[in-house]
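Q: Sharing a sequence plus its predicted fold:
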Amino acid sequence: MAKRIDVSGLSAYYGNHRAIEDISMTVEPRSVTAFIGPSGCGKSTFLRTLNRMHEVTPGGRVEGKVMLDDENLYGPGVDPVAVRRTVGMVFQRPNPFPTMSIYDNVAAGLRLNGTARRKSELDGIVEKSLKGANLWNEVKDRLNKPGAGLSGGQQQRLCIARAIAVEPQVLLMDEPCSALDPISTLAIEDLIGQLKERFTIVIVTHNMQQAARVSDRTAFFNLAGVGQPGRLIEIDETQRIFSNPSVQATEDYISGRFG
Amino acid sequence: MDIVSTSGEHPPPSRQPAATRLGDRVFLGLSRGSGILLLVIMAAIAVFLTVRAIHAISLDHSNFFTTYEWNASLNPPSFGIAVLAYGTLVSSLIAMLIAVPISVGIALFITHYAPRRLASPLAYLVDLLAAVPSIVYGLWGGLYLVPHLQGLNLWLNDYLSWTGVFHKSDPNSAARSLFTVGILLAIMIVPIITNVTREVFRQVPKAHEEAALALGATRWEVVRMSVLPFARSGIISASMLGLGRALGETMAVATVLSASPVLTQRLLDPVGGTFAQNIAAKFAEADNFGRDALIASGLVLFVITLLVNGAARLIIARRREYSGAAL
């Protein structure tokens, strides 16, 4: 189910601008890895290279290697579409398909090319995914209502249900709680704790308490100055990063001395 | 509180209207005036058409809605709109069937498929096409399209005449048929539909497209899952704009169609007529009463256009809760 991510020598560009430089790290399966760092340090860009979403941006390109177990995501002949089916993503703002019902939103990924299923099977997966996203009890009586009618926190859990319905190996989350209130945030954080038993989870967050609460390992990103590419400063056990980091810049950032 | 008290002895303006500044008042007046002006113009057109039309219809000796011929200058006058209504609706329907899929395709290509180097010149070209006057389309249609469509007409007659629709009574007659008119109208309305749809496609939120992409959707699946549903009401509005132009188009029809008061399902026969074409052809020679009669036909066209637009709005409103407008 969950796979290990092994990144080596990865740089990402927007046109001629290098956004992140020479990043190497390993993300353990069945664990939560948090990316923290000041704005513009490239943590979201790096996240988007892990499911080949970066190259969707005009001018976006990537150098380096991302191994998912023993498959290079940027190897020749690798189809980005297939990569994105294996590596799911949840975005900063909840983005359910506005024209679809709750049910259809969850089933959307399952209905894509060549994955047609029988209705009964689909029903089962939708229910399982909504339960997996802790949303089932709130929506089971209105599966045919539009997904956009839910509250922000419910919409974000709907997006998580949609992402896990296709059984990805890895789940990427790009600041999934930044548009949510504290109670919805708590619900998502609880959910992340449950999901890590099945998936490899990578989460970008601006909230250091959140990183401390949900993650097993934390990576700190920084940039030397405006216009400079972002770099990985260090990655370690979360507990260690927040108590006794090995790099001074990390300690400065954690303790609020900059950023 | 401090901000309020600057106005001196005035009581706290809890229910005070907002427009107390000069600029606000001027702008309010301007926008309200424009709104009222629009209603006045609409009402003036409707009243003018209705009054003159009722006068003409009351003196019509035959049934205004079922009569084929248009003989307003006879004594007693006898005229009807059956052929005109049929011709207008059929030619516009043909135009829509051809133009809407092509326009959506071009707009999708420009916004989602074409490399950027190609997309902007292409968009510019479509803009140019939309600005070509209809008389130019008409001349081109009458002089170039008609002879060049003869082959297509004969081919349709050979292979599809069993449908009854694509049957050409006299294979030697020119392709001055409602079918040709429909094709020309389609060419004329493709640019306008393309323009509006393109703008709608551009406004599809990135978040929706990325949602589909992140699920492992191919480019076409992204279009199907997020672009088309979001743009649906916009596509309908754009089509209605095009349909409005097709329904009222005059010169292009007049230069192509060989008009005669025959109502047939055989779309390849060089017969028929449309409201606008009939008015343009007869207006110059008509006396006062003849003009009133033509105005009556114009009123029917006006009503048809209103009905079509109303229907489109109903379609758009029906699934409003799914429209995504809330996001």
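A: Noted; the coordinates are in hand. Since we're looking at a predicted model, the values are computed, not measured. Residues are numbered from 1 along each chain as shown, chains lettered A, B, ... in the order given.
Q: Please report how far B:Thr274 lies from A:Ile233.
A: 73 Å (C-beta to C-beta, to the nearest Å). C-beta: built from backbone N, CA, C; applies to glycine.
Q: Buried residues in stretch A:131-139, which are they?
A: A:Gly132, A:Ala133, A:Asn134, A:Leu135, A:Trp136, A:Glu138, A:Val139 (16 or more other C-beta atoms under 10 Å in any protein chain shown).
Q: I'd like the next helix or strand past the top helix by length along chain B.
A: Longest helix in chain B, counting residues (DSSP state H): helix B:22-59. Later in the chain than helix B:22-59, the nearest helix or strand by DSSP states H and E is strand B:70-71.
Q: Show residues contacting that next one.
A: Outside strand B:70-71, the residues that touch it by C-beta atoms under 8 Å, 6 or more residues apart in numbering or on different chains are B:Pro77, B:Ser78, B:Phe79, B:Gly80, B:Leu84, B:Pro261, B:Asn278, B:Lys282, B:Ala293.
Q: center of chain A - which residue?
A: Centroid-nearest residue in chain A: A:Leu172, 1.7 Å away (criterion: C-alpha atoms, centre = their mean).
Q: That one - that's part of a helix, no?
A: No. Under DSSP: H, G, I helix; E, B strand; the rest coil, A:Leu172 sits outside any helix and is assigned strand.
Q: mind listing what whichever residue of the stretch 101-250 of chain A sits closest to chain B touches?
A: The stretch 101-250 of chain A approaches chain B most closely through A:Gly109 (3.9 Å), counting by C-beta to the nearest C-beta. Listed by C-beta under 8 Å, 6+ apart, the contact set of A:Gly109 reads A:Arg85, A:Thr115, A:Arg162, A:Ala163, A:Ala165, A:Val166, B:Leu215, B:Gly216.
Q: same question, A:Leu195
A: Taking C-beta under 8 Å, 6+ apart, we find A:Leu195 in contact with A:Gly132, A:Ile160, A:Ile164, A:Leu171, A:Ile201.
Q: Out of those residues, name the ones that lie in helices.
A: Those of the contacts of A:Leu195 lying in helices (DSSP H): A:Gly132, A:Ile160, A:Ile164.
Q: pretty sure the second one is in contact with A:Ala133, am I right?
A: Which is A:Ile160. Yes. Between A:Ile160 and A:Ala133 there is a contact under C-beta atoms under 8 Å: 4.5 Å.
Q: what residues are shared contacts of these two?
A: Counting by C-beta under 8 Å, 6+ apart, the common neighbours of A:Ile160 and A:Ala133 are A:Leu191.
Q: So which of the buried residues of stretch A:131-139 are in strands?
A: If you go by DSSP state E, the buried residues of stretch A:131-139 have nothing in strands.
Q: So which of the residues you listed is the closest to B:Ala119?
A: Closest approach between the buried residues of stretch A:131-139 and B:Ala119, by C-beta to C-beta: A:Ala133, at 38.5 Å.
Q: wait, what's in contact with the nearest residue to that closest one once chain neighbours are set aside?
A: Excluding the flanking residues, the one nearest A:Ala133 by C-beta to C-beta, 6 or more residues apart in numbering or on different chains is A:Ala161, at 3.7 Å. A:Ala161 makes contact with A:Asn105, A:Val106, A:Ser129, A:Leu130, A:Gly132, A:Ala133, A:Leu135, according to C-beta under 8 Å, 6+ apart.
Q: Check what pLDDT A:Ala161 gets.
A: In this model, A:Ala161 is scored at 95, pLDDT.
Q: Report how many residues lie close to residue 207.
A: Using chain A here. 16 (other C-beta atoms under 10 Å in any protein chain shown).
Q: wrong one, chain B
A: Neighbourhood size, B:Ala207 [other C-beta under 10 Å]: 16.
Q: Okay, it and chain A: tell me how far apart.
A: Distance, B:Ala207 to chain A, using C-beta to the nearest C-beta, to the nearest Å: 4 Å.
Q: does that residue sit in a helix, a strand or a coil?
A: At B:Ala207, secondary structure determined by three-state DSSP is helix.
Q: Grab the nearest non-local neighbour of it.
A: A:Asn95 (4.0 Å).
Q: dump the residue contacts of that neighbour.
A: A:Cys159, B:Pro205, B:Ala207, B:His208, B:Glu210, B:Ala211.
Q: Reformat the residues you listed as TSV; add distance to A:Ala19.
A: Shown next, in TSV, are those (distance: C-beta to C-beta, whole Å):
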residue	distance to A:Ala19
A:Cys159	25
B:Pro205	23
B:Ala207	20
B:His208	24
B:Glu210	17
B:Ala211	23
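Q: just the residues you listed now: which is nearest B:Asp269?
A: Closest to B:Asp269, out of all of these and judged by C-beta to C-beta, is B:His208, at 47.8 Å.
Q: Kindly export the helix or strand A:Leu130 falls within (C-alpha atoms) in PDB.
A: A:Leu130 belongs to helix A:119-132 when assigned by DSSP H and E. What follows is helix A:119-132, C-alpha atoms only, in PDB (Å, rounded to 0.1, in the frame of the first residue of the first chain):
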ATOM      1  CA  LYS A 119     -22.700   0.600  -9.200                       C
ATOM      2  CA  SER A 120     -22.700  -1.700  -6.100                       C
ATOM      3  CA  GLU A 121     -18.900  -1.700  -6.100                       C
ATOM      4  CA  LEU A 122     -18.800   2.100  -6.400                       C
ATOM      5  CA  ASP A 123     -21.300   2.500  -3.600                       C
ATOM      6  CA  GLY A 124     -19.000   0.400  -1.400                       C
ATOM      7  CA  ILE A 125     -15.900   2.400  -2.200                       C
ATOM      8  CA  VAL A 126     -17.700   5.800  -1.700                       C
ATOM      9  CA  GLU A 127     -19.000   4.700   1.700                       C
ATOM     10  CA  LYS A 128     -15.600   3.400   2.700                       C
ATOM     11  CA  SER A 129     -13.800   6.600   1.600                       C
ATOM     12  CA  LEU A 130     -16.300   8.900   3.300                       C
ATOM     13  CA  LYS A 131     -15.900   6.800   6.500                       C
ATOM     14  CA  GLY A 132     -12.200   7.000   6.000                       C
END
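Q: What residues of it count as buried?
A: Neighbour-count burial for helix A:119-132 [16+ other C-beta under 10 Å]: A:Leu122, A:Ile125, A:Val126, A:Glu127, A:Lys128, A:Ser129, A:Leu130, A:Gly132.
Q: you'd agree the second one is up against A:Ala108?
A: No. Look at A:Ile125 against A:Ala108 with C-beta under 8 Å: they stay out of range, at 11.6 Å.
Q: Measure how far the host helix or strand of A:Ser44 is from the centre of its chain, please.
A: In this assignment (DSSP H and E), A:Ser44 forms part of helix A:43-49. How far helix A:43-49 lies from its chain's middle: 9 Å, per C-alpha atoms, centre = their mean, to the nearest Å.
Q: Any chance you could list what contacts that helix?
A: Residues outside helix A:43-49 that contact it (C-beta under 8 Å, 6+ apart) are A:10, A:12, A:19-20, A:23, A:35-37, A:54, A:62, A:66, A:172, A:174-175, A:202, A:204, A:219, A:221, A:230, A:232.
Q: Relative to B:Asn157, which of the contacts of strand B:70-71 is nearest.
A: Of these, the one sitting nearest to B:Asn157 (C-beta to C-beta) turns out to be B:Pro261, at 23.0 Å.
Q: any idea how far chain A is from that closest one?
A: In terms of C-beta to the nearest C-beta, B:Pro261 sits 47 Å off from chain A.
Q: That residue: how many residues sit nearby?
A: B:Pro261: 18 neighbours (other C-beta under 10 Å).
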